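S.K.: this is a predicted model, with the sequence first.
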Amino acid sequence: MATKGPRRHHRRRHTKPKRASTTELILSGPTSVHQIPDHLLELVLLRVGSSLALLRAAFTCKRWRRIITADTAFLATFRALHAPHVPGHYHIVDPSHDDLPPDGNNQAFVPDTSTPDVIDRRHFALDFLPDLDWELGDSRGGLLLLYRRHNAWYRTQPELRFTDMIVCDPLTRRYQGILCWNEMYHAQCLGLFLLDGAAVDETGSCCCISMSNFRVVAVVYETPTPCVWVFTSGSDGGWQESAASSGGVPIPEFHLISFVGRACSSLYWRMEGEGVVLALDETTLEFTLVTFPYTVVGWPGESSTFRVIGGHEVDSAELRVVRIVNNGDLTVFAKLQSSAEWVTEKLVRLPEAACGLPGYEETYFQRPAKIVAATTRYILLKPREDENWIVSVDLDTLEVERAHERNSYAGAAYPYELPWPPALQACRADGGRRRRRINMLLKC
């Protein structure tokens, strides 16, 4: 009988599930931006560089557009985080100094080449206006305020008188004419300004300025107290006089008052010999008197060396002053909010900084230079020894430039902001000129 060999025990193998490798986990997770949750994508879109970049992001896909446009809170948060996008400035052409542009307009748009998003200047042409007999008076948001040129309006004349006006939107090529009020024809004008309209949105907040929601403020010279007339857009709008006070201080003669800037929601005029600056609050339309140290405001007769500008930050409440002193220094003063003390923020020694520029002479800046235009980004100025030699000072880099295009114009400069938020709303329309122009912005 055969003997049986040793019995083999077959052990059942228990297979354990394999642990997924790190590589497999990564590949099985989100693989594109479309897998990012809405609340995270919203945080990403809030941090795009500018309103123009946000407009282009809205055209990326339906989902991005829904996140950007569906909730007004998103747009409000974005505006609080980002300053308005300024693609360039409109410069007034001084007929006594500059040649008129080829289109015959009395103003020229100069793009800001320092920004990554440079928009073709053709989108800002004013050739759609009824005629070319207009001069730029102010800008706000995406709108421009112009008045009809008249001999008495020229800057070389001792008086400025009111004429008919027009408000326009260069991107949508729309405009609205405003007839001069009968009582304004013989009044002396201290300035015309654009303000946001009085309409409010569904949240009760003031709507942004638009062709259907704007105000025009006319500041009228009267003694002993200046007055304010306001034009309101809309079917129920029109001209009306607003009660205002000058603080009880007598107003000097008309030729002793000069507009010196706009900042922190106020308009400023220097009054020679009074030692104070007249300010008009854009919200209350009330006049107040602001006192500056003589080291900041300068001495009587130096209005052309003094300008008031605002800060760089979004909704900045910082008041800054630019002044050129006798030794040729351009000084930027800032007012400390904690102590109300004025301190020197920036300083440019013009003779040294301009030395070596084309056309520079050693005799320049022996006297305080004249400020041609002042913005939060740059200052245009010209030496009294040669008023045809214009240079600009970049307030960020403090570099003095001679070759820039903006140095070709000896008039005031007005910043142009891309509309907010009408540009996003306009892209919802189907067809039409408005949609085509928005699409052109997306391709620039």
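M.R.: On my side now, so go ahead. Numbering: from 1, shown residues only.
S.K.: where in this protein is pLDDT low?
M.R.: Across the chain, the ranges flagged by pLDDT under 70 are 1-31, 95-104, 116-117, 132, 149-161, 199-207, 243-250, 274, 311-317, 421-444.
S.K.: what is the subsequent helix or strand relative to the host helix or strand of V296?
M.R.: Here V296, judged by DSSP states H and E, is contained in helix 294-297. Using DSSP H and E, the helix or strand that follows helix 294-297 towards the C-terminus is strand 306-310.
S.K.: gap between that next one and the chain center?
M.R.: Relative to its parent chain, strand 306-310 has a centroid offset of 14 Å by C-alpha atoms, centre = their mean, to the nearest Å.
S.K.: what does the helix or strand harbouring V260 contact?
M.R.: Applying DSSP H and E as the criterion places V260 in strand 257-263. Here strand 257-263 makes contact (C-beta atoms under 8 Å, 6 or more residues apart in numbering) with 190-191, 193, 221, 251, 267-272, 277-278, 303, 306-311, 319-320, 374. All C-beta spots, glycine's among them, are computed from the backbone N, C-alpha and C.
S.K.: okay, V167 and V228: tell me how far apart.
M.R.: Using C-beta to C-beta, to the nearest Å, V167 is found at 18 Å from V228.
S.K.: that older thread, same for the helix holding V296, what does it pack against?
M.R.: Helix 294-297 sits against strand 319-324, with contacts defined as 3 or more C-beta pairs under 8 Å, 6 or more residues apart in numbering; DSSP states H and E.
S.K.: list the contacts of whichever helix or strand comes after the strand it packs on.
M.R.: Later in the chain than strand 319-324, the nearest helix or strand by DSSP H and E is strand 329-335. If you take C-beta under 8 Å, 6+ apart as the criterion, strand 329-335 is touched by 296, 318-325, 341-350, 369, 379, 381, 393, 395.
S.K.: can I have the buried ones of the residues you listed as a PyMOL selection?
M.R.: Restricted to buried positions by 16 or more other C-beta atoms under 10 Å, the PyMOL selection for the contacts of strand 329-335 reads:
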select buried, resi 296+318+319+320+321+322+323+324+342+345+348+349+350+369+379+381+393+395
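S.K.: quick revisit: between V167 and V228, who's got more neighbours?
M.R.: Taking neighbours as other C-beta atoms under 10 Å, V167 and V228 compare with V167 leading, 24 against 19.
S.K.: who does the host helix or strand of that one touch, helix- and strand-wise?
M.R.: Taking DSSP H and E as the criterion, V167 maps to strand 165-169. For strand 165-169, the packing partners by 3+ C-beta pairs under 8 Å, 6+ apart come out as strand 143-148, strand 174-178, strand 214-221.
S.K.: now these in TSV, with mean neighbour count?
M.R.: As requested, the helices and strands packed on strand 165-169 are arranged in TSV below (neighbours: other C-beta atoms under 10 Å):
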stretch	mean neighbour count
strand 143-148	23
strand 174-178	16
strand 214-221	21
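S.K.: of all these, which lies closest to D120?
M.R.: Evaluated with C-beta to C-beta, these place strand 143-148 nearest to D120, the distance being 17.9 Å.
S.K.: would you mind getting the angle between the closest one and strand 214-221?
M.R.: Counting by axes from the mean of the first three to the mean of the last three C-alpha atoms, to 10 degrees, strand 143-148 lies at 40 degrees to strand 214-221.
S.K.: and strand 143-148, how far out from the chain middle?
M.R.: 16 Å.
S.K.: residues in contact with it?
M.R.: 90, 126, 129, 133-139, 153, 162-170, 192-194, 209-211, 214, 216, 414, 416.
S.K.: and P300, how far is that from H255?
M.R.: From P300 over to H255 the distance is 13 Å, taken as C-beta to C-beta.
S.K.: which one of the two has more residues nearby?
M.R.: Neighbours around P300 and H255, counted as other C-beta under 10 Å, are more numerous at P300. The numbers are 14 against 9.
S.K.: residues touching the more buried one, list them.
M.R.: Residues near P300 by C-beta under 8 Å, 6+ apart: E272, G273.
S.K.: need the three-state assignment for F74.
M.R.: Of the three states, F74 takes helix under DSSP: H, G, I helix; E, B strand; the rest coil.
S.K.: residues near L43, how many?
M.R.: L43 has 10 nearby residues by other C-beta under 10 Å.
S.K.: host element of it?
M.R.: Using DSSP H and E, L43 falls within helix 38-45.
S.K.: now the helices for this structure?
M.R.: Assigned by DSSP state H, the helices in the chain fall at 22-28, 38-45, 51-58, 62-69, 72-81, 294-297, 350-354, 422-426, 432-443.
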